[in-house]
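Peer 1: Below is the sequence, then the predicted model.
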Amino acid sequence: MKLSEAVIEAMSEIDSRYLEESEREPKKAFAWKPVLSFAAVFSLIMGLIILRPMSSNSGGAPAAPLTGTSLSNEKADTEAAAAEEGKDDLTESAVLSFRIDEELWDALEDVSDDSEVTVIMETITEKDGVLYSEEETVTMTKQEILSFEGETGKTYIFHLAHADEME
């Protein structure tokens, strides 16, 4: 008996289960790497979105919503006021502790430096992670408003006082 005949005869003795199993394509395992990569990137982005508002105030606690404030371009407004007064060395702490709302900013553009303006000065302080807001109506000149320096750790927001608010 030749070798080729022996191989053919040995092949006929192989169990049919093994032949069927070898002809089937193996099932592919689920590709976990792309799913895990997506989940990691998604978690990182969501963490940044959630933590960004918390890191914007000095205490690390989320800022409480302030009703009745209409602030826009606060940093640009404060920097413009400092540039107008010749203060080129505006620090980040000054930007965070002193703000002028848009309505007051528009009113200040139309008056001279020694003109008096009645404003509502809102003082925001933080104690034990809770923000407290106090309002006081004061009369200040444009120069005093733009060069205002408050206490450290407090945020001051100036609003234009209307006649109906002063009664």
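Peer 2: That came in fine, so what should we check first?

Peer 1: Val130 and Ile124, how far apart?
Peer 2: The gap separating Val130 from Ile124 is 11 Å, by C-beta to C-beta, to the nearest Å. Bear in mind the C-beta positions are built from the backbone N, C-alpha and C, glycine included.

Peer 1: Next: Tyr156.
Peer 2: Distance of Tyr156 to Ile124, computed by C-beta to C-beta: 8 Å.

Peer 1: more crowded one of the two?
Peer 2: Ile124 (19 against 16; other C-beta atoms under 10 Å).

Peer 1: surely that one meets Gly150?
Peer 2: No: between Ile124 and Gly150 there is no contact under C-beta atoms under 8 Å: 10.4 Å.

Peer 1: Give me the common contacts of the two.
Peer 2: Common contacts of Ile124 and Gly150 (C-beta atoms under 8 Å, 6 or more residues apart in numbering): Tyr156.

Peer 1: Tell me, please, where in this structure the pLDDT is lower than the cut-off.
Peer 2: Counting by pLDDT under 70, the chain contains low-confidence ranges at 53-96, 163-167.

Peer 1: Compute the number of surrounding residues for Phe42.
Peer 2: Phe42 has 10 neighbouring residues, counting by other C-beta under 10 Å.

Peer 1: Could you do Leu104 as well?
Peer 2: The local packing of Leu104 (other C-beta under 10 Å) involves 21 other residues.

Peer 1: Please apply the same query to Thr118.
Peer 2: 14.

Peer 1: Residues in a beta bridge with it, which ones?
Peer 2: Thr139 (DSSP bridges).

Peer 1: and it, what is it in contact with?
Peer 2: 137-139, 161, 166.
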